[in-house]
Every structure is written in structure tokens, then in C-alpha cells.
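>>> Any chance you could fold what I've pasted below:
(2 chains)
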There are 2 protein chains.
Amino acid sequence: MGAGILAGLRIVEISAFVAAPLGGATLAALGADVIRVDPPGGGVDIGRWPLHRGRSLYWAGLNQGKRSVTIDMRQAPGQEKVAGLICAPGEGGGIFLTNLPVSGWSSYDELKKLRGDLIMVVISGNRDGTAAVDYTVNAALGFPFITGPEDADGPVNHVLPAWDAMTGFLAATAILAADRHRHLTGEGQLVELSLSDVGLAVTAHLGLIGEAVLEDEPRGRYGNHIYGTFGRDFVTRDGRRVMVLALTPRQWRSLVEATGLSGEFRNVEARLGLYFNNEGDRWRGRQEICELLQGWISVRTFASVASAFDAQRVLWGPYQTFKELVAGDPRASVANPLLKGVDHPGLGLYPTPGSPLRFGAAEPVAPKPAPTLGEHTEEVLREFGL
Amino acid sequence: MGAGILAGLRIVEISAFVAAPLGGATLAALGADVIRVDPPGGGVDIGRWPLHRGRSLYWAGLNQGKRSVTIDMRQAPGQEKVAGLICAPGEGGGIFLTNLPVSGWSSYDELKKLRGDLIMVVISGNRDGTAAVDYTVNAALGFPFITGPEDADGPVNHVLPAWDAMTGFLAATAILAADRHRHLTGEGQLVELSLSDVGLAVTAHLGLIGEAVLEDEPRGRYGNHIYGTFGRDFVTRDGRRVMVLALTPRQWRSLVEATGLSGEFRNVEARLGLYFNNEGDRWRGRQEICELLQGWISVRTFASVASAFDAQRVLWGPYQTFKELVAGDPRASVANPLLKGVDHPGLGLYPTPGSPLRFGAAEPVAPKPAPTLGEHTEEVLREFGL
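I've put the predicted structure just below:
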């Protein structure tokens, strides 16, 4: 057993793109032995952009800390090897994570003949097994019509594959829940989840399904305003963008104190019959609040806004490009213990995260690069006598 | 023990807004007994929008299936009761989840005096404990400058609180990993995570940190195009929007077959020296591909596009508003076993999700409404002899 809270767990992953690979990387970052199996030459995501020198930074990021095995799974001998690997004995083994279609030899019913207590987590697009990806799920869920500038026409996709990432983290949760059940009962199981169901569940948890059913007025598109409370972006005198919020009465008082605009805000409250300690009233008066605040911020430099806000514990933060993030934000540098400088073979050196989860009772696992494709084929086949 | 894969686990949650509440709701939907403790009158999120008849649909969604206890935690007697509840005996108990500041009586060091094997998961904004929320984390991470229309000026926030949701799911993972460790060793622990670290880790896993460090060219803003491959939104003759993708060679062939545009695409390939079986070439030729495809889609109705695409297994999906989602998509109706019609006290009846995780070896937990605030105070205090 190596370091990490999940040392002793072994997961075989047959996967592509984000959801299953991120689930596997999440477990690997906590010390699990995650073995990704691909066809020789790599799967459909081996060259996914962004690239550097023709190599996929995306694949390198999503497969960090795993072992890589390549086997031709189109033929019976390869299929038998992979089935043998998935179902190899050992207390923490017998866990299979996939987001590719399974059938025949790779079905739960066939594999469980080789290991009765198999845990198999299958991620699909839609619940019925039909295809869906982050971008089609997002299109169906309604978010693109409330995202983007208030005057935007048509849908605005968010670029972050958020549903994929959530599904990956939930797959990690699923594996640990099934492992707990196996510890308690000796019993394995098939666990299924779909991107679409994850998206629907989160949309519902945020109140948006209930709102769409119960409220007559459809949710509008409000640009960078935060719906139902106060928050928006502003521009400083030197052209920097900042996000400023007041979600709680305390945060509102901080903003009033920091800007010294209490008289002005009180006048607006009196004129509109609002009371900005209430979040709903901050929302109703958002245009007037924003005008006053933009006036205050636009005559000040970023540095001066930052120091006034920090002194009063205003809830705010700077906007940064990815370049600014890596160049100037200590959180994105090796000053943050989350990140270490890792030299990725064929790519180069850059700050690379371990797990964002910090367990007091376990050694952290140092971030490792992704394997090169097939790097561990021989080692793994030998280790498991295949 | 009731139904659900996590029956027997008990979590006390002191929380607000999204991350910790969603983590708790995720565990509750799998059968854990999740007890949310709030001050009398509710916490800062009790009235968070969206509302219906003045009540929070957001709170109802994020606290589904929990028990609710209200206690004044500003005074010692209340603090002692809550500490006693967190640290009550029982094998699956002694788990505390929070995203509010902890100190004094609620610190790990104090609580663990009452129960040595306490598991405590603390979510913060930044790793150093300073304040950050989904919207400031997102601003710092770079996504707002690559989200939104290509000609947009300034940052475009995504509306979905994606970092919060991911953090909630990771907190659930953290609890199960710590519970596994406790089963194996008898030892509890403090687990910490921050929104900011979760955001950085995901940004890095997607290759964006490496890209920003290694590539000279900053990532651009490409509207609804999917970077590095083919995907975008299109408008049908009858004004419906569809998202169409070709992430793999198979999906590209499907799209060519479905549209019958193989000759036209071949001409473009020859003219530009590209080969659209390669994702990078689909990206380079995206404007030309989109023009041809928009020409084909814009003269066809939604129904005719849908049937042509489905016949060839094109990867596509309709855009829908939230209203269209709940009115017409069977996935968002009780035809989907994920959802049941639940009557939420004071709100009304609407489709309400259980867990998107389906465990073959455990009974699903029927979705329950959120408790009314303080509904279980007496019951819980009696049950634990407080």
C-alpha cells in the first residue's frame, strides 16, 4: 500500500473524454491504483485539443496518475485479458469504471461470472443508453437561454464541460458507496448513471425545475447579474474587471462601508421603496445599485478598489484570463500546496494538481503526470499473470 | 436501516447555499440520515431565489430528503446540543459536513474530544480560509473570457454554479473515503477542501493550465463552437435551435451521411487541404462546415432534421428553455424513473429527482421534499437524548 486515503483500491477504466477519466483521475489522486485500458494507438480522445507540440494536454490532464495499458479488445484473446484484469482477485480490486458502450464480454452479467463481487460503474449519455454528451445535455437543460449578455440572441453555451465534470465526481462517489456496501455485505453490483440524469438532478436541486413548473414567468437572461440577489462585474479606472457580490446582509453592509455610499444607497431605497438588507430588494434595485457602484469603481484603480474592499471584507474577486491566472495568481502557482511543478513527458513543466481533498489522516499523493500510452502494458499483464 | 445504499450513515450538516447542501442532499438521496442544523428562523440561504409564493425553491431543492433542526448556536447550551448531536455514538454517525466558518466549540479539535473517530469535512472558499464563492472563483479561473459570443466584450459568466456543484459532489466523495478509512483503521479525521482548489484542479485536468503555461497563443473566445473539433448550434427552418457535434470520425461520417453533403465537404477539404476525419481539420474548417450545414438545416423543419439525424446516429440535441424542458421532454417528466411527482409543502407538486446513481444491489430511495425549517428539532433532540 502506497500513500493516499484510497491506497489499496484498484480500478480498471475503459473510457474517453471527460466524465469517466475525471472520475478515475480523482480516485488516482487519492492513492487508488487506476489502470486505464485503451486500444493500441489510443482511444478517440487521444488527440483531443488543447494540444502542445501535437500532443494532447487534455488527455494528459484527465489521465494523471493512472497506469496505461493498451490491448486490442476487438479480438477474443484481448477481451479475455482485459476481463481477467478487471476481475483479478484482491480485496480492493474488481472495480470497473467505463463511459463507453458495454456488451458481450464487457457486460456486467459476463464479467460477474469471473468475479461475483464485481463493482461496475457505467456512465451513459441518456438514461436509456442513447447518445448524449455534455453539450447536448446542456442544450436540453435550458441554461444556454439564460447564459450570456442580456441582449444576446439565441443560446449561449458555457465552455466549461460542467455536466461531464460533475458526472465524473459522482462516479467516484458511486464507486466508494459500492465499495462500502461490498465491505459490509460481500456483495458487488452494477451502478449506472447518465449525464442527462445528473444534469436534471442538479437543475432540480437548484430550484429551476420547480420554478419552470410553478411560476408563470419564465426565467430571464440577466447577463452577469446574479439572479435574485446582488452581484455583477464592474470595470476599474485602469480597465480591470472585478466581480462584486452581496449575498448576505453582512456582505451588503461591507460593500456600503467600503464605498462610503450609504447616503446614496439610502436615497435610492427611499425613492424606490426598497430595503437593500433584503436580497430580493437588492435584486429589484440592481440597476440603481450598479450605477452607483460603477461610478465609484470607475474612478479608482484596481489596487485601490482591492484594498478598500479587502479592508471591509467585501465579497469580490478579480477577473483573470488563463494567462493572467498562471502568471500572477499565487493560487495557481506552486505556492499553493495543491500544485507541484510536474514535467509531463513530451509536453513540459507546468503546475499540476493533486487532489483538492486534504485528508488529515492520510499522506497526500504527489501529483504524477499521465502515463504515456501503453506505458504499463507489460508490467500490468505480468503483475496479474495475464 | 431504511432503503438506500448509504443506509446507516448519519451526517450532521451546518451549511448554506450550494456546495455543502448539495453534498448532503446527494448522500440523503442514497439513504443516509442527513440532519441539517440551522439557527431559528433559518440561515442566510433560507430565502434564496428562485421563489414561489415567497418561499425558496432553491432551499427546497438543495435540502431534499434531510431532517431539519433549529437551535440557537450563539449560546453555550445550543452549542453543546449541536456538538452532542454531531458526536452522538453509533457506527455510521460522527460525520460533520460544513461550509460555514468553524471555530471554538465547532472546531475539529474541540469536537474530537467528544468523539475520537469524528469525520469532519470543511468546505472553504479559498484554501487559506478567505472568502470566495462560485462567482469569484469562476472570475479568477479564466472561463468568463472564453464564454459567450465571439464578439462579446468583457467577461461572460456562466449562470450555472458549476464549481459549487462539483465541490458538493466531491464533499460526498470525501465523506465516503473517510468513512472507508475509519472502517479499516478505526480512525476519524478532518477533511478540508476549497472551491478555489476544486476549480483549479478541474481547470488543470481539462488541460487549460498546461495550455496557458506552454502555448504562446492565449485561448480565444469561440462562441458556441466546440474548441478543437466540430460542434455548434444551428437554426432550423421553423426557428428551432439544435446543437450538432462530430467529436469522433464515426460521428463525422454520420453527419456526412445524414446530410448527403459528402461531395460538398469533399470540395471544401480539397480547397483547404484538410481532411475532416481529423478533429483538428474539422476545427480548422469549421466556418466552411458550418456554412454548408446551416444551409442544409435552415431549409428543413426541426422534425425533418431530427429524423434525418437520428436515422444516421448523428450526435445532436435540441435546445430547450426550462419551460420547454418541463413541458415537453420526457426525460424531465415522471416518465423518467429519476423523477417522481412530489408535493412540496407550501410550494406545490413538481417532478423531483432521486439520486442519479442507480445501485443494482440497493433499493432506490424515493425522492422526498425538503423538511420545513425546524420540522425535526424535537424528534432529533429526543432521539439523541439532548
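>>> rest of the way, CA atoms for contacts and neighbours
Will do.
>>> Confirm for me that residue A:314 is in contact with residue A:248.
No. Between residue A:314 and residue A:248 there is no contact under C-alpha atoms under 8 Å: 10.7 Å.
>>> what about these two, which has more around it?
residue A:314 (24 against 19; other C-alpha atoms under 10 Å in any protein chain shown).
>>> what residues are up against the more buried one?
Neighbouring residues of residue A:314 by C-alpha atoms under 8 Å, 6 or more residues apart in numbering or on different chains: A:244, A:245, A:246, A:251, A:252, A:254, A:255, A:258.
>>> what would those residues look like in TSV with neighbour count, distance to residue B:377 and secondary structure?
Output for these, formatted as TSV (neighbours: other C-alpha atoms under 10 Å in any protein chain shown; distance: C-alpha to C-alpha, whole Å; DSSP: H, G, I helix; E, B strand; the rest coil):
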residue	neighbour count	distance to residue B:377	secondary structure
A:244	23	36	strand
A:245	23	33	strand
A:246	24	30	strand
A:251	19	29	helix
A:252	21	31	helix
A:254	20	33	helix
A:255	24	35	helix
A:258	19	39	helix
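>>> In CSV, list those residues along with pLDDT and distance to residue B:308.
CSV is the format used below for those (pLDDT from 0 to 100; distance: C-alpha to C-alpha, whole Å):
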residue, pLDDT, distance to residue B:308
A:244, 98, 47
A:245, 98, 47
A:246, 98, 49
A:251, 98, 53
A:252, 98, 54
A:254, 98, 57
A:255, 98, 55
A:258, 98, 59
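>>> Helices along the stretch 251-386 of chain A, start to end?
Taking DSSP state H, counting those that start in this stretch to define them, one finds helices in the stretch 251-386 of chain A at A:262-272, A:279-284, A:286-298, A:302-311, A:322-328, A:377-383.
>>> Please work out the average pLDDT along the first one.
Over the span of helix A:262-272, the pLDDT mean works out to 98.
>>> Give the other helices and strands that that helix contacts.
Judged by 3 or more C-alpha pairs under 8 Å, 6 or more residues apart in numbering or on different chains; DSSP states H and E, helix A:262-272 is in contact with helix A:286-298.
>>> So is the helix it packs on next to chain B?
No. Contact of helix A:286-298 with chain B (C-alpha under 8 Å from any C-alpha of the partner chain) is absent, the minimum separation being 14.6 Å.
>>> Could you pull out the strands in the stretch 101-250 of chain A for me?
Using DSSP state E, counting those that start in this stretch, the strands found in the stretch 101-250 of chain A span residues A:119-124, A:189-194, A:230-235, A:241-246.
>>> So which of the ones you listed is the most surrounded?
Highest mean neighbour count of those: strand A:119-124, a mean of 27 (counted as mean count of other C-alpha atoms under 10 Å in any protein chain shown).
>>> give me the low-pLDDT residue ranges for chain A?
The model of chain A has pLDDT under 70 over residues A:1-2.
>>> wouldn't residue A:355 be in contact with residue A:32 here?
No. Counting by C-alpha under 8 Å, residue A:355 stays clear of residue A:32, with 11.8 Å between them.
>>> picking that back up, closest to residue A:274 out of the contacts of residue A:314?
The closest of those to residue A:274 turns out to be residue A:252 (C-alpha to C-alpha; 13.9 Å).
>>> Can you add distance to residue B:92 and give the strands of the stretch 101-250 of chain A back as JSON lines?
As requested, those are exported to JSON lines (distance: least, C-alpha to C-alpha, whole Å):
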{"stretch": "strand A:119-124", "distance to residue B:92": "22"}
{"stretch": "strand A:189-194", "distance to residue B:92": "21"}
{"stretch": "strand A:230-235", "distance to residue B:92": "40"}
{"stretch": "strand A:241-246", "distance to residue B:92": "38"}
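>>> nearest to residue B:76, of these?
Of all these, strand A:241-246 comes closest under C-alpha to C-alpha, at 29.8 Å.
>>> Make sure I have this right: residue A:69 is in a strand.
Yes. According to DSSP: H, G, I helix; E, B strand; the rest coil, residue A:69 belongs to a strand.
>>> Pull the contacting residues for it.
A:35, A:36, A:37, A:38, A:373, A:374, A:375, A:376, A:377, A:378, A:380.
>>> Buried only: go through the residues you listed for me.
Among the contacts of residue A:69, the ones that count as buried by 16 or more other C-alpha atoms under 10 Å in any protein chain shown are A:35, A:36, A:37, A:38, A:373, A:374, A:376, A:377, A:380.
>>> returning to that earlier point: now, of the helices of the stretch 251-386 of chain A, which is deepest in the fold?
helix A:279-284 (a mean of 21).
>>> by contact count, what packs against it?
strand A:230-235.
>>> Give me the angle between the strand it packs on and helix A:286-298.
For strand A:230-235 against helix A:286-298, the angle by axes from the mean of the first three to the mean of the last three C-alpha atoms, to 10 degrees is 40 degrees.
>>> partners of strand A:230-235 in the sheet?
Paired with strand A:230-235 in the same sheet, following DSSP bridges, are strand A:241-246 (antiparallel).
>>> got the CA positions of the strand it pairs with in PDB?
Only the C-alpha atoms of strand A:241-246 are listed here, as PDB (Å, rounded to 0.1, in the frame of the first residue of the first chain):
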ATOM      1  CA  ARG A 241     -12.700  43.700 -14.300                       C
ATOM      2  CA  VAL A 242     -13.900  42.700 -10.900                       C
ATOM      3  CA  MET A 243     -16.800  40.600  -9.700                       C
ATOM      4  CA  VAL A 244     -18.600  42.100  -6.700                       C
ATOM      5  CA  LEU A 245     -21.300  40.400  -4.700                       C
ATOM      6  CA  ALA A 246     -23.500  40.900  -1.600                       C
END
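>>> what comes into contact with it?
So strand A:241-246 is contacted by A:229-236, A:251-252, A:255, A:314-319, B:135-136, B:139, B:154-155 (C-alpha under 8 Å, 6+ apart).
>>> Run the angle between it and helix A:302-311 for me.
20 degrees.
>>> what about residue A:348, distance to residue B:22?
37 Å (C-alpha to C-alpha, to the nearest Å).
>>> Compare neighbour counts for the two and give me the winner.
Using other C-alpha under 10 Å as the criterion, residue A:348 and residue B:22 rank with residue B:22 on top: 28 against 14.
>>> Filter the contacts of residue A:69 down to just the ones in strands.
Those of those mapping onto strands are A:35, A:36, A:37, A:38, per DSSP state E.
>>> can you redo those as a markdown table with distance to residue B:310?
Listed next are the ones in strands among the contacts of residue A:69 as a markdown table, based on distance: C-alpha to C-alpha, whole Å:
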| residue | distance to residue B:310 |
| --- | --- |
| A:35 | 34 |
| A:36 | 31 |
| A:37 | 30 |
| A:38 | 28 |
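>>> Taking the residues you listed, tell me the two that lie furthest apart.
So, the ones in strands among the contacts of residue A:69 by C-alpha to C-alpha: farthest apart are A:35 and A:38, at 9.8 Å.
>>> Between those two, which contacts overlap?
Shared contacts of residue A:35 and residue A:38 (C-alpha under 8 Å, 6+ apart): A:68, A:69.
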